[in-house]
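K.L.:
Would you be able to build a 3D model of this:
(one chain, ligands or ions: 1)
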Amino acid sequence: MTAPLAVQAARLGRDYGATRALEGLDLEVPAGALVGLLGPNGAGKTTAMLLLATLLAPTRGSAALFGCDTRRDRRAARQRLGLVFQEPSVDGLLTVEENLRFAARLAGLREREARAAVRATLDRVGLTARAAQPARTLSGGWRRLADIARATLHRPALLILDEPTVGLDPEHRERVWALLDEERRTRGCAILFSTHYLAEAEPADHVVLLAAGRVAAAGEPALLRRALGAAVVELEGSGAAGAVRLLQCDDLVSRAIRTDRGYRVALRDAHAPALERLAAAPGLTRVTVRETTLEDVYFAVTVCASDDAP
Ligand code: ATP
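P.N.:
Residues are numbered from 1 along each chain as shown. The predicted structure follows:
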């Protein structure tokens, strides 16, 4: 028998009055998978996560977590779920430990289990030395880790995290991702997250790029990168548009995206002789050939196509 999917959404959508925040999302997250939701501000990421987290009722479509419908079996769905949204979930007036004890009680753990779970969570997240501190005295990074501690205390099978690393310094970002990796590796926890740091989504099994409430692209990051181009050349300077036309003559351009300083051009062939000729093209202040990234895919699918032609 196959394991039920951690998330299965079909044509899931939500309107806020006349605003169509999410058109109709189809999404499958297998148990233990890492799935990223990407897209510009207002694309519908938070709305999608609130719907999946059972915190918002859909206008259309349906979703199930481990086979439990988010509306009909809300309670069962919630039991398997840990949530981190952008607002802090810990109470600033309580100590870190009190916050976790409170979360353990809410999760229905008995006194002994609760004590063991709080101790293990503090240790796992690296908060033991700060356990007696009121949460409001933690730095932003540690407070975020306290949110994650709270969300993982009952060892959920699915974590939904809305921009878990926003505003954190690189050290705390690294800590957050190390913790999330451990949840997946040791317990097979599925993770659905959103981020504006596109490099964080590169290791994902699957990403969904939303734009204006619609799915603009979806798939494995490596496949999305390959579909866009074998490599990318960044061109800067007054001669950038001319250089793009030169590459177009050789049928090398899979997509040219205008940037503030020139063009970012996805190429069909990373080793074509025409690239070497760019060094001699007039008016170029920078020519950089590099690997295609998810950020390139993001720009390609979210930037208006009519803006691109040189
Ligand atoms: P961000 O990256 O800025 O967090 P997002 O991709 O999470 O954006 P949402 O917060 O889901 O996007 O918003 C999608 C759309 O729905 C936006 O147009 C937003 O203004 C609108 N919206 C979100 N919440 C509400 C609400 N409670 N009432 C009315 N409109 C809303």
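
K.L.:
Would you mind naming what in the stretch 1-150 of the chain lies close to the ligand?
P.N.:
Y16, T19, A21, G39, N41, G42, A43, G44, K45, T46, T47 (CB under 6 Å from any ligand atom). Where C-beta positions appear, they are placed from N, C-alpha and C, glycine not excepted.

K.L.:
and the residues you listed, which two are the farthest apart?
P.N.:
Y16 and G39 (16.8 Å; CB to CB).

K.L.:
Pick out whichever of those two has more residues nearby.
P.N.:
For Y16 versus G39, neighbours defined as other CB atoms under 10 Å are more numerous around G39 (25 against 11).

K.L.:
Name the nearest residue to the more buried one, ignoring sequence neighbours.
P.N.:
L210 (3.7 Å; CB to CB, 6 or more residues apart in numbering).

K.L.:
Next, count neighbours for the one you found.
P.N.:
Neighbour number of L210 under other CB under 10 Å is 26.

K.L.:
these two touch, right, it and N41?
P.N.:
No - in this structure L210 lies outside contact range of N41 using CB atoms under 8 Å: 11.0 Å.

K.L.:
tell me the contacts of the residue nearest to G39?
P.N.:
L22, L25, L37, L38, G39, A43, G44, K45, A48, A216 (CB atoms under 8 Å, 6 or more residues apart in numbering).

K.L.:
what's across from it in the sheet?
P.N.:
Beta-bridge pairing of L210 under DSSP bridges involves V215.

K.L.:
so G141 is in which element?
P.N.:
helix 140-152 (DSSP states H and E).

K.L.:
wait, I meant L5
P.N.:
With DSSP H and E as criterion, L5 is part of no helix or strand.

K.L.:
how much space is there between it and the ligand?
P.N.:
Note on L5: its distance to the ligand, by CB to the nearest ligand atom, to the nearest Å, is 23 Å.

K.L.:
Which residue comes closest to that residue once chain neighbours are left out?
P.N.:
E28 (5.3 Å).

K.L.:
what does the model give that neighbour for pLDDT?
P.N.:
At E28, the predicted lDDT confidence score is 97.

K.L.:
What's opposite the residue most central in space within the chain in the beta bridge?
P.N.:
For the chain, the residue sitting closest to the mean C-alpha position, by CA atoms, centre = their mean, is S194 at 2.8 Å. Counting by DSSP bridges, S194 forms beta bridges with L37, D162.

K.L.:
so where's the chain uncertain?
P.N.:
Along the chain, the model assigns pLDDT under 70 to residues 1, 304-310.

K.L.:
What residue spans form the domains of it?
P.N.:
Per automatic domain parsing, the domain ranges recorded for the chain read 7-219, 224-307.

K.L.:
is it true that G24 lies in a strand?
P.N.:
Yes - counting by DSSP: H, G, I helix; E, B strand; the rest coil, one finds G24 located in a strand.

K.L.:
Now it. Nearest residue, chain neighbours left out?
P.N.:
R11 (4.0 Å).

K.L.:
That neighbour: which element?
P.N.:
With DSSP H and E as the test, R11 turns up in strand 7-16.

K.L.:
residue ranges of the strands in the stretch 201-310 of the chain, please?
P.N.:
Using DSSP state E, counting those that start in this stretch, the strands of the stretch 201-310 of the chain run over 206-211, 214-219, 231-236, 253-258, 262-267, 286-290.

K.L.:
just so I know, which of those strands lies nearest the ligand?
P.N.:
When the strands of the stretch 201-310 of the chain are compared by CB to the nearest ligand atom, strand 206-211 sits nearest the ligand, at 6.4 Å.

K.L.:
what angle sits between that closest one and strand 214-219?
P.N.:
160 degrees (axes from the mean of the first three to the mean of the last three CA atoms, to 10 degrees).

K.L.:
got the buried residues for strand 206-211?
P.N.:
Residues of strand 206-211 classed as buried by neighbour count (16 or more other CB atoms under 10 Å): H206, V207, V208, L209, L210, A211.

K.L.:
Next up, the contacts around F299.
P.N.:
So F299 contacts I257, T259, R264 (CB under 8 Å, 6+ apart).

K.L.:
List the buried residues in the longest helix along the chain.
P.N.:
The helix that spans the most residues within the chain, counting by DSSP state H, is helix 170-187. Of the residues in helix 170-187, H172, R173, R175, V176, L179, L180, E183 count as buried by neighbour count, 16+ other CB under 10 Å.
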